[in-house]
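Peer 1: only geometry, no sequence info:
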């Protein structure tokens, strides 16, 4: 009897330490991030039931067809009853209305998290709106796709990606650990930082670059009125720099408005750097006269840029890369993977950089450890493949 009573009266911490913490997970918003997380949980069989919520009927149908959820609902309030974990994966400005519509259906002990790119504002809203007994843990997976909606979702999008969690002094420690364990099981790498740190850092490495890309595209559009052929010259460098400007406008309006102060601060820092560049360029004479200041700035920028991990997911270092040239023929990527696998070398990331149909192309492969990258060069070169460290 004593044992039975202990079982019934297990503390919340003991429940969270168990394997049955998240039996039912509800993901509200089945876009790229929400859909990808749903796929990872459903297809990876990490929880008993994943319920996907989206107002778009086509999205709901596709979510079922691609095994992104066990079932789908159009109404969040209908879905959240008895949920152990609720993930908000809609634009951040929609959070207050969503919480208002579901708060009466949330059971005590439910954990709510989100995937939004702003954290301080969200934390304030959750503290104000969530009922007593419901715990909130802010989250932000540092991953994405150029494609929008459920069609851009990928079960492995979060694989090896940095997934930021932003606990504060009021965050329930057991809820935080349970969510971290689930995220790790889904393949991501968890980084715990404060909401303030997060918002300042992403303002610099994510939000500012987006606004810079928007400004560049707007400049091109304006200049094209005088030089109509200018867009034809917008080759690889310009396209790479401005790729993010193709993102969802409403999402970025929400991000800018809810992370306003950190973003404005970073825009000011960038403006100062641009002003210095303008002064140095203006001071330059013809070929060699008064060019030293500009040269030093460019050299310093190059040095800093080369120190940044190339194409790593998120904001943690650790990717060592090689580039190889291969013929355009069926099975070539499989051959490379087998060569490396047979030699005990594990691939962390792979990307086709360029390809010329009928001829060949270049492939970038990333590894977590430098010895793996060096070993890959040796193995592939020994097989007659043109390869080099990147």
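Peer 2: Perfect, thanks for sending it. Every value quoted in this text rests on a predicted model; they were computed, and no experiment measured them.

Peer 1: the closest residue in space to residue 346 that isn't next to it in sequence: how many residues sit nearby?
Peer 2: Nearest non-adjacent residue to residue 346, counting by CB to CB, 6 or more residues apart in numbering: residue 372, 6.8 Å away. Where you see a C-beta, it was placed from the backbone N, CA and C, and this is true even at glycine. Look at residue 372: counted by other CB atoms under 10 Å, it has 21 neighbours.

Peer 1: for residue 372, give its distance to residue 389.
Peer 2: Noted for residue 372: a distance of 12 Å to residue 389, by CB to CB, to the nearest Å.

Peer 1: mutual contacts of the two, please.
Peer 2: residue 320 (CB atoms under 8 Å, 6 or more residues apart in numbering).

Peer 1: can you pull the buried residues of the helix or strand hosting the residue nearest to residue 346?
Peer 2: Take DSSP states H and E as the rule and residue 372 turns out to sit in helix 370-382. Using 16 or more other CB atoms under 10 Å as the test for burial, helix 370-382 gives 372, 373, 375, 376, 377, 379, 380.

Peer 1: nearest to residue 225 among these?
Peer 2: Using CB to CB, residue 373 comes nearest to residue 225 of the buried residues of helix 370-382, at 47.3 Å.

Peer 1: what pLDDT does that closest one get?
Peer 2: Per-residue pLDDT puts residue 373 at 93.

Peer 1: could you check how far the nearest residue to residue 31 once chain neighbours are set aside is from residue 164?
Peer 2: In space, residue 31 comes closest to residue 149 once its chain neighbours are excluded; the distance is 5.6 Å by CB to CB, 6+ apart. Distance, residue 149 to residue 164, by CB to CB: 23 Å.

Peer 1: of those two, who's got more company?
Peer 2: For residue 149 versus residue 164, neighbours defined as other CB under 10 Å are more numerous around residue 164 (25 against 18).

Peer 1: now for residue 72: which residues touch it?
Peer 2: Applying CB under 8 Å, 6+ apart, we find residue 72 in contact with 30, 51, 52, 53, 54, 60, 63, 64.

Peer 1: what's the burial count for the spatially closest residue to the fourth one that is not a sequence neighbour?
Peer 2: Taking CB to CB, 6+ apart, and ignoring the residues beside it in sequence, residue 53 has residue 28 as its nearest neighbour in space, at 4.4 Å. Residues lying near residue 28 (other CB under 10 Å) number 26.

Peer 1: quick one: contacts for residue 28?
Peer 2: By CB under 8 Å, 6+ apart, residue 28 lies in contact with 34, 53, 54, 76, 79, 86, 87, 88, 89, 90, 98.

Peer 1: can you report how many residues lie near the residue lying closest to residue 349 once chain neighbours are set aside?
Peer 2: Closest residue to residue 349 apart from its sequence neighbours, by CB to CB, 6+ apart: residue 366 at 3.6 Å. By other CB under 10 Å, 23 other residues sit near residue 366.

Peer 1: would you mind measuring from residue 366 to residue 80?
Peer 2: Separation of residue 366 from residue 80 (CB to CB): 39 Å.

Peer 1: buried set for stretch 290-304?
Peer 2: For stretch 290-304, a neighbour-count test (16+ other CB under 10 Å) marks 291, 294 as buried.

Peer 1: contacting residues around it?
Peer 2: Stretch 290-304 is contacted from outside by 276, 277, 280, 281, 283, 284, 285, using CB under 8 Å, 6+ apart.

Peer 1: hmm, 6 Å instead?
Peer 2: Here stretch 290-304 makes contact (CB atoms under 6 Å, 6 or more residues apart in numbering) with 280, 283, 284.

Peer 1: and for stretch 37-57?
Peer 2: Under the contact criterion CB under 6 Å, 6+ apart, stretch 37-57 has outside partners 22-28, 30, 60, 63, 67-74, 76, 79, 153, 155, 158, 185-186.

Peer 1: only whichever of those residues are buried, select them in ChimeraX.
Peer 2: In ChimeraX, a selection of the buried entries from these looks like this (16+ other CB under 10 Å):
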select :22,24,25,26,27,28,30,60,63,68,69,70,72,73,76,79,153,155,158,186
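
Peer 1: where does the prediction get shaky in the stretch 1-150 of the chain?
Peer 2: Counting by pLDDT under 70, the stretch 1-150 of the chain has low-confidence residues at 1-20, 146.

Peer 1: ranges for the strands of it?
Peer 2: With DSSP state E, counting those that start in this stretch as the criterion, the stretch 1-150 of the chain has strands at 24-28, 49-53, 71-73, 85-88, 111-114, 135-137, 139-141.

Peer 1: then the stretch 151-300 of the chain?
Peer 2: 162-165, 189-192.

Peer 1: winner for burial among those?
Peer 2: strand 162-165 (a mean of 22; mean count of other CB atoms under 10 Å).

Peer 1: what packs against that strand?
Peer 2: Applying 3 or more CB pairs under 6 Å, 6 or more residues apart in numbering; DSSP states H and E, we find strand 162-165 packed against strand 139-141, strand 189-192.

Peer 1: try 7 Å this time
Peer 2: strand 139-141, helix 173-185, strand 189-192 (3 or more CB pairs under 7 Å, 6 or more residues apart in numbering; DSSP states H and E).

Peer 1: switch these over to a markdown table; also include distance to residue 121.
Peer 2: Listed next are those as a markdown table, based on distance: least, CB to CB, whole Å:
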| stretch | distance to residue 121 |
| --- | --- |
| strand 139-141 | 12 |
| helix 173-185 | 20 |
| strand 189-192 | 19 |
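
Peer 1: right, I'll call it a day here.
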